[in-house]
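> generate a structure from the sequence data that follows.
(chains A and B)
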Amino acid sequence: MSKKIGPLDVFNILPKTNCGKCGEDTCFAFAAKVADRKLDLEQCTPLYEEAQYEKNRGKLEVLLRPAVREIRLRSKDDEVRIGGKTVVYRHEFRYSNPTAIAISVSDTMPEDFMLSKVKKASEWEYRYIGMDLSLDLIAIRSTSNDPTKFRECVEKVSDVTHMPLVLCSFSPEVVEHGLKALKGQSPLIYAANQENWKEMSKLAKNYECPIVVSAPNDLDQLRFLTDSLMKEGIENIVLDPGTMPDEGLRDTLNNFTMLRRSAISLKDDLSGFPLLGTPISTWCEEDEEPEIKAWKESYISSMLISRYADILIINSIEMWSILPIVIWRTNIYTDPVKPVTVEPGLRTFGKPDENSPVLYTTNFALTFYTVQEDVKDLDCYMLVVDTEGISVESAVAGGKLTADKVNDTIKETGIEDMVTHRKIVSPGLAARISGETEMVSGWDVLVGPKDSGGVKNFLDKKFYQET
Amino acid sequence: MKNNKKKMNPFDASLFNMLKNMKEIEIEDVDFRIDRLDFTLPTLVVNPQIPRQVAPIGKPLEELTYEFVPPVNTYRGEVTEVVLGATKSEGGSRSRAITVGGSKTPPFYSVEGEKPNPPVVVGDVFDMKINLPKPVRSHFGEVLEDPAEWARIYVEKFDVDMIDIELISTDPLLNDTPISESAKVVEDVLQAVDVPIIIGGSGSPEKDGDLLSKMAEVAEGERVLLSSATPDLYEPIAVAAKEHDHAVLSWTSLDINQQKELNRHLLEYIPREKIIIDPTSAALGYGIEYAFTIMERMRLSALWADQEVQMPMAAATSNSWAAREAWRKDPELGPRMLRGPLWETTSALTFLLAGVDIFISLHPAAIRTVKEVAGWLMDQEAEKIPKNWVNLEAV
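Predicted coordinates:
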């Protein structure tokens, strides 16, 4: 387990001038956020611009260097960071840099189809608990093995996407043609292997790009290649230990897990790089239906997100197979010590008056945003009860959503002065506490539907007809 | 479909069968049915398999010095084993007893040691017709009002290891079914299938004590799992388990300290070998990360010898269907006949990697995938030569 860095460790080496250039009021405030990995050291510009702080900067960089290096991939408009991990298990410290998801296309796909897939990936979006989720990268595979064709494809793709690219070919000549099309950007090169590593490492150096070393299911060779590249002065390396579906999953998980543990627990330099997973490998299986390939690709992606993958290359962009991956990625990268909550209290939707319905829900962010989506076009009041970020069903079972808490919220929000009726709509899953709530609060409780998708219908049938 | 299926793994054919009604369902509202599903398999360039680099002469000498030594840990603690079900010779009527738990390493760290018992997959059955999402309903059709028949289909067709009969209709807020009727349901299920069973109450603290005590008596000798003891209600259930030699599911709401406290209470009545813990398996997208991290922490603590959390863990992956993304009919989200079961599968595999030993599941494809993946992860011979996906054509 890595030693946790405290604010003082950082503060002691900072300039301590409280100049405010980083946006914080004091160097100590800045140190606290840097130690918590919420701000980059680079925001302290004096460290980088003034010669007198050069030594401090060096010390701080060593102190703050995560056990797994952080690598940046860049397009013209975008930067995606991968790696930068400091722990093995999520409860030890918030995971940094969510697993980057790359959607794959190839240079022999029909152009229209290829570009529409790139656009679909670039514009892919899903609204979830107040966030817009998206994908991160495009991986272009050279199936033509023709340098000119590859270069043309890379140019076309980079014209229609804002995302950084991964250039996939084992031919140094093909990769170089792709790199030439991306001057000033920082795509990821896939990959150096046992045969081509000398030529590939030259490309990584000349074009200043991060590079993957690939040794499928051979960690000895992976170490050899990593060390060889490091000896060439290359620092931005990504490790591909191979992703094997089906019977290969056992080795795959072991390789990922042991590499990550080795990086964090042993501080092993040759393991301390981001890990690349290629669930796209399921598409190499013959005699399987496309749905089964996409099914396996999806669950292997989610399993590798649990087992430390920092970047994934996948083929399917079907919503049904991609959504579980992106949701799990979002979930596991949240801060484990901070429940996703919203402020408790009163919300109003539309233009409610003294006859408008009053609903209540919990302050678990997901519950809140889901309900909000369903009631936002109605004229109503909603009371958000503080359940410490627990969802309705679990909060009722665990005593975090009680009649007293509902009553407190009714009294504290002053809703009794805003409406003339005394009818509150409870979540269907809180039916159990409705009787007690009526006794404690003096309000009538109308038990609403279990899913807030039915609220509008429920209000039409039950609330408006009774009032 | 292609006729040439010789090389197709029979499992995949059946997994596909579990999912294939997807197309039909999405157009169910128009008066049209496809008789046969036609899929064009993409033409693949034959993928040269990358040979494992063990060439006797080809490997450069310098490379031989780069040996990756896995950083193996040793653990002071281990997960207890709980036996569920009893055969005739053991005083019950099940065809076999199932041992759950026993792990000595974190989940599937097989370089540190093998998992002694495979994960157990349980088919979830309810004693009244409930509003199940279409992708689940379509596999059970008419039997949803007949728990014994429903259980039989799970065992015979979908190969589950156990059945969970959930007596939810006993809830005073639902049908308030009398306990004597529930006894009949449990007897019917025990008659219909010969696998070990879980008996679940309604979650109503007023009723579950009496209900589960009576069920413990009815199932005497069968070594069932009584589900569940909660912080509000544990004593009568623990007493019944002790008296009739059953095990207890210790259920808490995403709170390790509460879980430990409840386990301490239960341990006053029954030994550790009679307890399984369920810290609440929230659905993917609806708090699964809390469950994942609590499970992972508890399992690591168990291996570091914290006896209060050394019991096997259970998860109800049927909860996944609470997520709208799993069941909602929405063309933008893609076919729910695939999306729904994948949602449950993803939740289950997430829990599998957090250390869960028992999966209470709904959809046949999720059941199948969990069993299959666990099988691969536990198979010491399992190996697969990596293929070159970079050259993969036309996908």
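
> drop to CA atoms for contacts and neighbour counts, all remaining ones
Noted.

> which residues are contacting the host helix or strand of residue B:237?
Using DSSP states H and E, the element containing residue B:237 is helix B:235-244. By Cα atoms under 8 Å, 6 or more residues apart in numbering or on different chains, the residues outside helix B:235-244 that reach it are B:209-210, B:212-213, B:216-217, B:220-221, B:226, B:228-229, B:246-248, B:266, B:269-270.

> try it again at 6 Å.
B:209, B:213, B:220, B:247 (Cα atoms under 6 Å, 6 or more residues apart in numbering or on different chains).

> likewise for stretch A:345-358?
A:376, A:378-384, A:413, A:418-420, A:424.

> rewinding a little: quick one: the helix holding residue B:237 to chain centroid distance?
25 Å (Cα atoms, centre = their mean, to the nearest Å).

> SS state for the most centrally placed residue in chain A?
Geometric centre of chain A, nearest residue: residue A:98, 3.5 Å, by Cα atoms, centre = their mean. Classification of residue A:98 using DSSP: H, G, I helix; E, B strand; the rest coil returns coil.

> okay, now the unreliable bits of chain B?
For chain B, the stretches with pLDDT under 70 are B:1-14, B:20-64, B:394-395.

> up against chain A, what does it have?
Proximity of chain B to chain A, by Cα under 6 Å from any Cα of the partner chain, involves residues B:8, B:63, B:66-68, B:70-71, B:253, B:285, B:289, B:333-334, B:339, B:346, B:376-377, B:382-384, B:386, B:389-391.

> give me that answer again for 7 Å
Within chain B, the residues that sit near chain A (Cα under 7 Å from any Cα of the partner chain) are B:7-8, B:16, B:41, B:63, B:66-68, B:70-71, B:109, B:253, B:284-286, B:289, B:293, B:333-335, B:338-339, B:343, B:346, B:349-350, B:376-377, B:382-384, B:386-387, B:389-394.

> all helices for chain B, in order.
B:10-19, B:22-26, B:134-140, B:147-158, B:179-192, B:208-218, B:235-244, B:256-267, B:288-303, B:324-327, B:336-354, B:364-378 (DSSP state H).

> next, format these as a markdown table and append mean neighbour count.
Shown next, in a markdown table, are the helices of chain B (neighbours: other Cα atoms under 10 Å in any protein chain shown):
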| stretch | mean neighbour count |
| --- | --- |
| helix B:10-19 | 16 |
| helix B:22-26 | 16 |
| helix B:134-140 | 18 |
| helix B:147-158 | 20 |
| helix B:179-192 | 17 |
| helix B:208-218 | 21 |
| helix B:235-244 | 21 |
| helix B:256-267 | 18 |
| helix B:288-303 | 23 |
| helix B:324-327 | 20 |
| helix B:336-354 | 26 |
| helix B:364-378 | 22 |
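
> please identify which of these is closest to residue A:316.
helix B:336-354 (13.5 Å; Cα to Cα).

> that closest one packs against which elements?
helix A:290-306, helix A:319-332, helix B:288-303, helix B:324-327, helix B:364-378 (3 or more Cα pairs under 7 Å, 6 or more residues apart in numbering or on different chains; DSSP states H and E).

> distance of residue A:416 relative to residue B:106?
Distance, residue A:416 to residue B:106, by Cα to Cα, to the nearest Å: 54 Å.

> what do you get for residue B:87?
Distance of residue B:87 to residue B:106, computed by Cα to Cα: 31 Å.

> again with residue A:355
Following Cα to Cα, the distance that separates residue A:355 from residue B:106 is 57 Å.

> which of these two has more residues huddled nearby?
residue B:106 (21 against 16; other Cα atoms under 10 Å in any protein chain shown).

> which positions in the stretch 351-467 of chain A make contact with chain B?
Applying Cα under 7 Å from any Cα, we find that the stretch 351-467 of chain A lies next to chain B at A:366, A:394, A:398.

> what's the neighbour count on the second one?
Around residue A:394 there are 19 other residues, counting by other Cα under 10 Å.

> quick one: contacts for it?
Counting by Cα atoms under 7 Å, 6 or more residues apart in numbering or on different chains, residue A:394 makes contact with residue B:253.

> and it, what element?
helix A:392-397.

> any idea how far that helix is from the middle of the chain?
27 Å.

> repeat that for stretch A:301-312.
11 Å.

> again, but for stretch B:336-349
Offset of stretch B:336-349 from its chain centre (Cα atoms, centre = their mean): 13 Å.

> ok, stretch B:376-388 next?
How far stretch B:376-388 lies from its chain's middle: 23 Å, per Cα atoms, centre = their mean.

> start and end of it, how far apart?
21 Å.

> list the buried residues of that stretch.
By 16 or more other Cα atoms under 10 Å in any protein chain shown, the buried positions in stretch B:376-388 come out as B:376-378, B:383-388.

> same deal with stretch A:67-75?
A:67-75.

> in a markdown table: the helices and strands packed on helix B:336-354, plus distance to residue A:39.
Shown next, in a markdown table, are those (distance: least, Cα to Cα, whole Å):
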| stretch | distance to residue A:39 |
| --- | --- |
| helix A:290-306 | 24 |
| helix A:319-332 | 20 |
| helix B:288-303 | 24 |
| helix B:324-327 | 34 |
| helix B:364-378 | 40 |
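
> grab the CA positions of the one helix or strand residue A:118 maps to and hand them over as CSV.
Assigned by DSSP H and E, residue A:118 belongs to helix A:111-123. Taking Å, rounded to 0.1, in the frame of the first residue of the first chain, the C-alpha atoms of helix A:111-123 are listed here in CSV:
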residue,chain,number,x,y,z
GLU,A,111,-15.4,5.1,-45.6
ASP,A,112,-18.9,6.2,-45.0
PHE,A,113,-19.5,3.4,-42.5
MET,A,114,-16.1,4.1,-40.8
LEU,A,115,-16.7,7.9,-40.5
SER,A,116,-20.2,7.4,-39.2
LYS,A,117,-18.9,5.1,-36.5
VAL,A,118,-16.3,7.7,-35.6
LYS,A,119,-19.0,10.4,-35.4
LYS,A,120,-21.3,8.2,-33.3
ALA,A,121,-18.5,7.5,-30.9
SER,A,122,-17.5,11.2,-30.7
GLU,A,123,-21.0,12.4,-30.1
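
> with distance to residue B:149 added, can I get the buried residues of stretch B:376-388 in TSV?
What follows is the buried residues of stretch B:376-388, written out as TSV (distance: Cα to Cα, whole Å):
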residue	distance to residue B:149
B:376	31
B:377	32
B:378	32
B:383	39
B:384	40
B:385	43
B:386	44
B:387	44
B:388	47
